[in-house]
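A.B. asks: Below are the sequence and a predicted model; questions follow.
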Amino acid sequence: MDTVEEFYNSGGGLIVDPACATEKILLYWKAEEELLDEAIEEGVTLLDVGSGRGKHLKLLSPRLKKGIGIDVSKPLLNAANLGLAGIYNVAVIEANVKEMPFADGSFDYTLCMFNTLGNILDTEKALKEMARVTKKKIVITSYLPGSLEERKKFYGQCGWAITSTDEDCDRVHTREGFVSWRIEKEWLEESLKELGFNTRFRGLTDIAYACIAEKA
Ligand SMILES: C[S@@+](CC[C@H](N)C(=O)[O-])C[C@H]1O[C@@H](n2cnc3c(N)ncnc32)[C@H](O)[C@@H]1O
């Protein structure tokens, strides 16, 4: 387990706690839900990478054939299991996106929401794995340039101490072991093209965007 994964296994779950979120982060979350409500059709199978408390699985469960969430954080997997109790077409399992226990093309859709990809140190490997298991579409959301101050405010509200930031995609390091950066649209477009996906982008709020990638 790397430092960010260890971080998520301890106090990192605060990142999905609405009590810590700024107004702009709450708007980001709302815009993600509106996007998924529009983009995900009835009767599909779906993987949620870094499923956290399972809120997107819960939201989409009435329309899914089957939904699986993967996460490395035991506390968040426990929270998701509680929140998803009694919903029988979705489940969460402990797994790392860098090596997922699924056959090629296992899911119609793969989600990677709330800048989860910008927390995974081996981003290329994670994206390659997501492409491998996806039959139709990948939905990824991340931050826009100019969002750094808002992110710093948000991490401060989570109680984390920023030790450094650098210009490489507005990368933030905290004393607690958290590392987070913005995924560049150009990098996503190029990487997903190499993996056989065509991309389109959509603004979510003034700090966030979504990438919808469709298998070519
Ligand atoms: C920013 S949170 C987003 C949670 C959720 N998708 C949401 O939108 O509320 C990132 C999530 O990814 C998980 N995560 C981090 N690294 C991971 C990895 N390598 N494999 C699987 N999950 C990971 C964290 O534990 C955390 O739940």
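C.D. replies: Sure thing, it's come through.

A.B. asks: so what's the backbone phi/psi at residue 23?
C.D. replies: Dihedral pair for residue 23: phi -60, psi -40, per degrees, to the nearest 10.

A.B. asks: now it: how far from residue 113?
C.D. replies: From residue 23 across to residue 113, the span is 19 Å (C-beta to C-beta, to the nearest Å). Glycine gets a C-beta too; all of them are placed from N, C-alpha and C.

A.B. asks: Who has more neighbours out of those two?
C.D. replies: residue 113 (24 against 9; other C-beta atoms under 10 Å).

A.B. asks: Kindly provide the distance from the more buried one to residue 192.
C.D. replies: Distance from residue 113 to residue 192, by C-beta to C-beta: 16 Å.

A.B. asks: and residue 12, what does it touch?
C.D. replies: By C-beta atoms under 8 Å, 6 or more residues apart in numbering, residue 12 lies in contact with 73, 176, 178.

A.B. asks: what's downstream of the longest strand belonging to the chain, the next helix or strand?
C.D. replies: When the chain is parsed with DSSP state E, its longest strand is strand 134-143. Using DSSP states H and E, the helix or strand that directly follows strand 134-143 along the chain is helix 148-157.

A.B. asks: Which elements pack onto that following helix?
C.D. replies: Here helix 148-157 touches helix 23-39, strand 162-166, strand 171-174, going by 3 or more C-beta pairs under 8 Å, 6 or more residues apart in numbering; DSSP states H and E.

A.B. asks: Pipe these into JSON lines and attach distance to the ligand and mean pLDDT per row.
C.D. replies: Shown next, in JSON lines, are the helices and strands packed on helix 148-157 (distance: least, C-beta to the nearest ligand atom, whole Å; pLDDT from 0 to 100):
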{"stretch": "helix 23-39", "distance to the ligand": "7", "mean pLDDT": "98"}
{"stretch": "strand 162-166", "distance to the ligand": "16", "mean pLDDT": "94"}
{"stretch": "strand 171-174", "distance to the ligand": "13", "mean pLDDT": "95"}
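
A.B. asks: Nearest to residue 99, out of those?
C.D. replies: strand 171-174 (24.1 Å; C-beta to C-beta).

A.B. asks: Tell me the buried residues in that closest one?
C.D. replies: 172-174 (16 or more other C-beta atoms under 10 Å).
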